[in-house]
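Peer 1: below is the sequence, then the predicted model.
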Amino acid sequence: MKERLLQQAGREYAPWQRLLALAALAPVFIVLLPTALIRGSARLDRVLHLPRLPGGGLLQMLGGLMSAAGWLLGMWSNAAEFELGRGTPVPLMATQRLVVEPPFTYTRNPMALGAILMYLGVALLRRSLAGVGIVSTAAAALLVYIKRVEEHEMAARFGQEYLAYRERTPFLLPRLRAYRNTSTTNAG
């Protein structure tokens, strides 16, 4: 199985084929999943008699910002994989080179981070407790999959280059650089 996966991942596709795959999958992630989340979480909220999340307009503003930021991060990640990696996020059209340029310099999984932010933002926009639960559960499953499957595949495909990248780049949440005050003060 692993050898077959590596063989499949080694096949490079023409730009038009990769673009077609992205165009086919975009409606799923940008329209169908958010719509299913909105409808499914509303139904679960009603069935389970869950209260709406507090916060009103402020919470919805935060949700809108998170959704927009997540969408932008996802698009940026897709573009980097397409242009720099000569692949797509679709495993059958895997990148042909390890992408270590932005946004992949900040986190090894900017696309996952973008998706989590976008869908969590949708749940907050709807003020849905069930939506937050659904997104949190799906995010946990996605992150376990990435850790247990994708990281091993990347190590097998890119070897030491990936291992070095993994060592210096955070898994999901970007590191905030610590501020260092290099000036000295003279207490006198």
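Peer 2: Now that the structure is in, tell me what you want to look at. Residues are numbered from 1 along each chain as shown.
Peer 1: tell me the buried residues in the longest helix along the chain?
Peer 2: Looking across the chain with DSSP state H, the single longest helix is helix 56-83. Residues 59-60, 63, 66-67, 70-71, 73-74, 76-78, 80-82 are the ones in helix 56-83 that count as buried (16 or more other Cβ atoms under 10 Å). To be clear about C-beta, it is placed using only N, CA and C from the backbone, and glycine gets the same treatment.
Peer 1: average model confidence for it?
Peer 2: Mean per-residue pLDDT for helix 56-83: 95.
Peer 1: again, but for stretch 153-170
Peer 2: Here the average pLDDT along stretch 153-170 is 95.
Peer 1: which residues of the protein score low on pLDDT?
Peer 2: Within the chain, the segments meeting pLDDT under 70 span 1-10, 177-188.
Peer 1: centroid-nearest residue for it?
Peer 2: residue 112 (1.5 Å; Cα atoms, centre = their mean).
Peer 1: let me see the ranges of the helices in this structure.
Peer 2: Counting by DSSP H, the helices of the chain are 2-9, 15-27, 33-47, 56-83, 110-125, 129-145, 151-168.
Peer 1: returning to what we had before: just checking, the residue nearest to the centre of the chain touches residue 145?
Peer 2: No. Using Cβ atoms under 8 Å as the test, residue 112 is too far from residue 145 to be in contact (9.5 Å).
Peer 1: that older thread, residue contacts, the residue nearest to the centre of the chain?
Peer 2: With contacts defined as Cβ atoms under 8 Å, 6 or more residues apart in numbering, residue 112 is in contact with 139, 142, 143, 146, 172.
Peer 1: 6 Å instead?
Peer 2: residue 142 (Cβ atoms under 6 Å, 6 or more residues apart in numbering).
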